[in-house]
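>>> This is a predicted model, with the sequence first.
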Number of protein chains: 4
Amino acid sequence: MIRIAVVGFGYWGPNLARNLLIPDRSELVAICDTDSKQTHVAGTLYPNVRISGSAEETIEATDVDAIALATPAQSHFELALAALKAGKHVLISKPMTETSEQAAKLIEEANRRGLVLLVDHTFVYSNAVRQVRASIRSGEIGDLYYYDSIRANLGRFRSDVSVLWDLALHDLSILDYVLDDARPLGVSVIGATHVAGSPENLAFITLFLPKGALAHINVNWLAPVKLRQTLIAGSGKMIVYDELHPSEKLRIYDRGVELAHSDDVERRIGYRLGDMTAPRLTTGEALANEAAHFLDCIETGAKPVTGGTEALRLIKLLESATVSMRQRGRLIELPAGTGC
Amino acid sequence: MIRIAVVGFGYWGPNLARNLLIPDRSELVAICDTDSKQTHVAGTLYPNVRISGSAEETIEATDVDAIALATPAQSHFELALAALKAGKHVLISKPMTETSEQAAKLIEEANRRGLVLLVDHTFVYSNAVRQVRASIRSGEIGDLYYYDSIRANLGRFRSDVSVLWDLALHDLSILDYVLDDARPLGVSVIGATHVAGSPENLAFITLFLPKGALAHINVNWLAPVKLRQTLIAGSGKMIVYDELHPSEKLRIYDRGVELAHSDDVERRIGYRLGDMTAPRLTTGEALANEAAHFLDCIETGAKPVTGGTEALRLIKLLESATVSMRQRGRLIELPAGTGC
Amino acid sequence: MIRIAVVGFGYWGPNLARNLLIPDRSELVAICDTDSKQTHVAGTLYPNVRISGSAEETIEATDVDAIALATPAQSHFELALAALKAGKHVLISKPMTETSEQAAKLIEEANRRGLVLLVDHTFVYSNAVRQVRASIRSGEIGDLYYYDSIRANLGRFRSDVSVLWDLALHDLSILDYVLDDARPLGVSVIGATHVAGSPENLAFITLFLPKGALAHINVNWLAPVKLRQTLIAGSGKMIVYDELHPSEKLRIYDRGVELAHSDDVERRIGYRLGDMTAPRLTTGEALANEAAHFLDCIETGAKPVTGGTEALRLIKLLESATVSMRQRGRLIELPAGTGC
Amino acid sequence: MIRIAVVGFGYWGPNLARNLLIPDRSELVAICDTDSKQTHVAGTLYPNVRISGSAEETIEATDVDAIALATPAQSHFELALAALKAGKHVLISKPMTETSEQAAKLIEEANRRGLVLLVDHTFVYSNAVRQVRASIRSGEIGDLYYYDSIRANLGRFRSDVSVLWDLALHDLSILDYVLDDARPLGVSVIGATHVAGSPENLAFITLFLPKGALAHINVNWLAPVKLRQTLIAGSGKMIVYDELHPSEKLRIYDRGVELAHSDDVERRIGYRLGDMTAPRLTTGEALANEAAHFLDCIETGAKPVTGGTEALRLIKLLESATVSMRQRGRLIELPAGTGC
């Protein structure tokens, strides 16, 4: 039985607590938050779990094997480092840290001590994204043309990070996972703040990918409706991934252009319009899959799919993206093959 | 009775012909196309209309008052100039011309001769767009935050112009119309070609508008599904305009952020979640509205809503946009107040 | 060249005219309507077609081979009979006649003279319905469980017939076509009139089919939204047919129940949840397919798919359905194998 | 603090447990199920709650004030009666009992002892249904024309009751609540069983309401997609209530027919096509509202909105509906004003 403590019980912590408590595999032994309203809620939900206002105490506790960290981004580095130094495995909510230097230090510390460091890039564990990766790797999609995503809603303006480090990071982690052999070569971001004193709430990110492919990510905290839609197209099939569709999150279209062998430039382009298939996805929530994977890694010593290395690559990319955004979209070139 | 000739009877010409023929107001006297397949179709549809393979002949004919031009963009300037010189009013499909110099010459010629020059920016005449303009001008939307549009489908790759001068021009003309006192200050475009030898089939356009507002336009000829969706948000209400919705093209949401007067930075942002209203739109197709407006202008001498001046401003903007696209999104500054 | 006259140019006649005019195969020689407003419209649309206010004259004209009849239902019998007696092929809009006696007489007259009599049950010619029939006949659907349709909108209250003889007839003709070996054994209808003095505008029709299958048809002229959705389920696959879906009219689900071989009554039922496929449908409008089929039958002497015999069977069924509706849903048994 | 025990922890019991546990108002003291798999789950979720395999023991326990009963329908009467006799308040999942005689006895027992008896007709407590009731009572809908609902999905075939006593009861309870002065005068039901040995899994229920209005309820356990859509129309406005819509569960259309004052029977009917409004609904889940109402009633002695009397009326109606269904839709007349 792996003994878990959840540090930070605001918006996301309760989700981690619920999913990390897996019958016969794990135990929830402590929850900590500095806000007494949140610890009151925790006490009602988990009457037999130790509730604390002190992160240090919780992290140091000898009856804890792993820490799930869901505090604001500013405190991630310090708390995660303390947890690793105390010999605990760590699951950190995204973004892992505020800087790539901090991220590198956490990786080093985890490696030195042989501890699991998993960053909560939840969508990587969703059955739809796993199927997207499988479709790309199988060759079904062909040469990638573009990945084009919109992720918008009204609500949950974060004050600790911009929409880039929040919503866009979901897409960047999905891309990093499904396109593992096509790291971005450049990034250009235009963003805006519509609430004085807040971080950017709207951003348009474009990534230049190898072989002329593009990734485009439209993220928005200030939209009238909730949207989670991604188009992925290649020379083979095309995918529409709609996270909000009640039954068909993934639709795969046998559509595309077909080049006629002709000298007639005007009429050269034909279209392939075939069937659409919505594959049956295995059931199970992404966060539950992730929690099980965290326990697996602790038990077997395996490297997490979304470990420190992957998270560091994404943070470096976000650092370049932020530079571009602060310079109104200036293209930042990224060293080939690094994607960051 | 205004006597009309349609020059160019390929994809768009038949639509112009059908809409410009208004009982008791106009007469269709000639149709011309250089492709004999198209003139055969024209002859079947309009057995008593003069069919011709010669644009010159059709333009010069003394029984024609106005020319509707629906040929490839390359020929617009020459044919429109000839028509104006022959004393005909002209309706040109978009884009008006290939360069701003050509556009300026057409405007000059039309002005000198007192002829109507109308460019077919169809959506400006749609009842939904008219309502968007009314909502913005009434103050209901408040300070504009953003205009964010996606316009995608599979099919009709044009070989004469890029997707920028085709699909994106729809949004640029809508913006020019609904935001007539907020011309863009800068433009950045990233585009891509996925069919060798064709113009760009995918582009992401960002316009920097006054007071920190942004416009973003995502256009794509190579998408698995057809999308025509625009979000327009301000400090007041927010609009979702979906051209493809069978009954509610326009939905107006009484939603937004509300700043609490508080020192607590973390909790400063509240949300306003009110009713949504889908206003009843007057019926009537955009192109029919446009055709009637063209006849009105001919009869009364009024300036068209989408005349040469408006079209020239958009072509200048497209020229800057194309420069930006060919330089991978370099921001092109636009002289304040000109929007181009 | 088959020479066509359209008699009745109100709501539906213009659609027949447009589709029956097939280049190189047919010619539109006359249009007739007793309403001068409608003949004015006809004259504008078809300036070189003979326009008349007299149905008799049009039907008798020696330069006419076939009559397309789109007048109110009350006049169908008399006009179609006159047309057949004048040696013309006839396409009649639905319902063919007001009574089964009239229908039988038209069939007899057409047979005696070797003329084509086709009833405009348009949906039978749609590519989606053809695919539904193919799926049922291939065995893919398995044993039929039910056909459940809703067909609703606001507008076009007919004064000549009830919603049963208008909207429901669409579904009855589809059923007749796709289930040609499973004729209904009984019918029960509940209907209502909400506009005083009008025929029933709302009806719920249930057909008892062989082997315990049911067909249910919900038709409504007084609905806030337009709906055209049909569920078809069997022991194999299940179909959702949505006539209004922009791109996926037909979706075929590999879903169903699976009976576990178990004594445990409580847990006996399992579910099969497989992929969904939206097959690519051949393009082409139903009415255009029907028009081409009408010309084919005239040229080859073949029996139409929706000829007099099929229409008579449906009218008999509507007669029983109307009896049931006037008796608040009393079940009317139908002679086995006749479906009417 | 009201002390709650949940009896029956299968499909629905966990939902009752979660919602009935309201911080500072109630306490969950016991959970009981005869299936050891379910008690194991309960023990993991609620480690400090008493878990039992004996309903009798749980019901008799002196530290329990109220019982939430979520066992199969067959056991409702006996267990609820025992709970009332033991002086406990009772919340019963639907259907309350298998027969109206049993229902009457529970009501009598609860009344004699002054205990709260609430039946879990969940949708009555949803904010959308509350708004529907408000719209009807305000006169906004005008004279009711019809209530037309479809409630379909694949899964959860119940073996204890037919789809009539399961899915249809949702609609019947909604109708009973929103139309409290228009009780049904007759009922006709056609149903079918497609899984041998199971209760009916498909049914079409029609209720004859006062003044010519109809209610129609289409329920189906064997559908390829999940549907929860209700149309409600009157002489004033019309409502579309879609339980599954992510943001606009309720849309109110200012649409209808308008009778022109004219002798021209043909053209008598005009249409009113106005705005649509999706009112903002108060947040909060139906079951949470219901749970709070249950505690309110216990504390104040108020009569529940869905008490024994309401549930008895619905069971009597279901008994008539079942008689009709077993006789292939024979119309069963209901005593005026009783609705059952």
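In hand now; what should we look at? From a predicted model like this one, the values you see are computed outputs, not experimental measurements.
>>> Can you name the residues that contact A:P95?
By Cβ atoms under 8 Å, 6 or more residues apart in numbering or on different chains, the contact list for A:P95 reads A:73, A:76, A:161, A:165, A:169, A:311, A:314-315, A:318. C-betas here are computed from N, CA, C, even on glycine.
>>> got it, and A:R156?
So A:R156 contacts A:11, A:221 (Cβ under 8 Å, 6+ apart).
>>> Phi first, then psi, for it.
phi 60, psi 50 (degrees, to the nearest 10).
>>> Format the contacts of A:P95 as JSON lines; extra columns: secondary structure and neighbour count.
Converted to JSON lines, the contacts of A:P95 look like this (DSSP: H, G, I helix; E, B strand; the rest coil; neighbours: other Cβ atoms under 10 Å in any protein chain shown):
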{"residue": "A:A73", "secondary structure": "helix", "neighbour count": "18"}
{"residue": "A:H76", "secondary structure": "helix", "neighbour count": "26"}
{"residue": "A:V161", "secondary structure": "coil", "neighbour count": "19"}
{"residue": "A:W165", "secondary structure": "helix", "neighbour count": "23"}
{"residue": "A:L169", "secondary structure": "helix", "neighbour count": "26"}
{"residue": "A:A311", "secondary structure": "helix", "neighbour count": "28"}
{"residue": "A:L314", "secondary structure": "helix", "neighbour count": "28"}
{"residue": "A:I315", "secondary structure": "helix", "neighbour count": "27"}
{"residue": "A:L318", "secondary structure": "helix", "neighbour count": "26"}
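>>> where's A:R133, which helix or strand?
helix A:127-137 (DSSP states H and E).
>>> next helix or strand past that helix?
Next along from helix A:127-137, by DSSP H and E: strand A:144-154.
>>> Give the other helices and strands that that following strand contacts.
helix A:169-178, strand A:214-220, strand A:222-234, strand B:214-220, strand B:250-259 (3 or more Cβ pairs under 8 Å, 6 or more residues apart in numbering or on different chains; DSSP states H and E).
>>> Okay, the closest residue to A:V178 other than its chain neighbours and chain C: tell me how far apart.
Excluding its sequence neighbours, the residue lying closest to A:V178 (Cβ to Cβ, 6 or more residues apart in numbering or on different chains) is A:R133, at 4.3 Å. According to Cβ to the nearest Cβ, to the nearest Å, A:R133 and chain C sit 18 Å apart.
>>> need the helices and strands packed on strand A:144-154 in TSV with mean pLDDT, can you?
Below are the helices and strands packed on strand A:144-154 laid out as TSV (pLDDT from 0 to 100):
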stretch	mean pLDDT
helix A:169-178	98
strand A:214-220	98
strand A:222-234	97
strand B:214-220	98
strand B:250-259	92
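>>> for those, which one sits closest to C:A103?
strand B:250-259 (46.9 Å; Cβ to Cβ).
>>> Pull out the buried positions in the closest one.
B:250-257 (16 or more other Cβ atoms under 10 Å in any protein chain shown).
>>> from the contacts of A:P95, which is closest to D:A203?
Nearest to D:A203 among the contacts of A:P95, with distances taken as Cβ to Cβ, is A:L169, at 48.9 Å.
>>> can I assume the closest one is in contact with A:H121?
Yes - taking contacts as Cβ atoms under 8 Å, A:L169 lies within contact range of A:H121: 7.4 Å.
>>> Return every residue with contacts to both of the two.
A:94, A:314.
>>> tell me the domain ranges of chain A?
Domains of chain A are assigned by automatic domain parsing as A:2-115, A:127-284.
>>> worst average pLDDT in the ones you listed?
Among the domains of chain A, domain A:127-284 carries the lowest mean pLDDT, at a mean of 92.
>>> contact partners of the helix holding A:R133?
So helix A:127-137 is contacted by A:123, A:141, A:144, A:174, A:177-179, A:232, A:234, A:237, A:239, A:241, A:243, A:249-250, A:252, A:279, A:281-284, A:286, A:289 (Cβ under 8 Å, 6+ apart).
>>> Can you identify each of the strands in the stretch 1-150 of chain A by residue range?
A:2-7, A:26-32, A:50-52, A:66-69, A:89-93, A:117-120, A:144-154 (DSSP state E, counting those that start in this stretch).
>>> Give the buried residues for the strand or helix carrying A:N289.
Element membership for A:N289 (DSSP H and E) is helix A:286-300. Judged by neighbour count using 16+ other Cβ under 10 Å, the buried positions of helix A:286-300 are A:286-287, A:289-295, A:297-298.
>>> Spit out the contact partners of the spatially most central residue of chain A.
Nearest to the geometric centre of chain A sits A:H121, at 3.0 Å (Cα atoms, centre = their mean). A:H121 makes contact with A:94, A:169-170, A:173, A:177, A:306, A:310-311, A:314 under the criterion Cβ under 8 Å, 6+ apart.
>>> let's go with 6 Å and repeat that
A:94, A:173, A:306 (Cβ atoms under 6 Å, 6 or more residues apart in numbering or on different chains).
>>> Could you identify the buried members of the residues you listed?
For those, buried by 16+ other Cβ under 10 Å: A:94, A:173, A:306.
>>> Reformat those residues into CSV and put distance to chain B next to each item.
Formatted as CSV, these follow (distance: Cβ to the nearest Cβ, whole Å):
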residue, distance to chain B
A:K94, 19
A:S173, 21
A:T306, 27
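>>> could the residues you listed go into JSON lines alongside distance to D:V29?
Formatted as JSON lines, the buried ones among the contacts of A:H121 follow (distance: Cβ to Cβ, whole Å):
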{"residue": "A:K94", "distance to D:V29": "39"}
{"residue": "A:S173", "distance to D:V29": "44"}
{"residue": "A:T306", "distance to D:V29": "41"}
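>>> of these, closest to chain C?
The shortest approach to chain C among these belongs to A:S173, at 27.1 Å (Cβ to the nearest Cβ).
>>> Contacts only, for the closest one.
Counted by Cβ under 6 Å, 6+ apart, A:S173 has contacts A:121, A:124, A:314.
>>> Now do A:T193: how many residues are near it, please.
Counted by other Cβ atoms under 10 Å in any protein chain shown, the residues lying close to A:T193 total 15.
>>> Looks like it contacts A:W221 (just checking).
No - A:T193 lies out of contact with A:W221 (Cβ atoms under 6 Å); the separation is 10.4 Å.
>>> what about the strands of the stretch 1-150 of chain A, which gets the closest to B:F208?
The closest of these to B:F208 is strand A:144-154. By Cβ to Cβ, the value is 20.1 Å.
>>> List the buried residues of stretch A:12-23.
Buried residues in stretch A:12-23, counted by 16+ other Cβ under 10 Å: A:12-22.
>>> Same question for stretch A:207-226.
By neighbour count on 16+ other Cβ under 10 Å, the buried set for stretch A:207-226 is A:207-209, A:213-225.
>>> distance between it and the chain's centre?
Averaged C-alpha coordinates place stretch A:207-226 at 14 Å from its chain's average position (Cα atoms, centre = their mean, to the nearest Å).
>>> swap in stretch A:113-128?
Here the centre of stretch A:113-128 is set off from its chain's centre by 9 Å, with Cα atoms, centre = their mean.
>>> ditto for stretch A:126-145
Remark: stretch A:126-145 is offset 17 Å from the chain centroid, using Cα atoms, centre = their mean.
>>> Pull up the distance across it, start to finish.
Stretch A:126-145 has an end-to-end distance of 23 Å (Cα to Cα, to the nearest Å).
>>> Which of the contacts of helix A:127-137 are buried? Put it as a PyMOL command.
Selection command for PyMOL covering only the buried members of the contacts of helix A:127-137, criterion 16+ other Cβ under 10 Å:
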select buried, chain A and resi 123+141+144+174+177+178+179+232+234+237+239+241+243+249+250+252+279+281+286+289
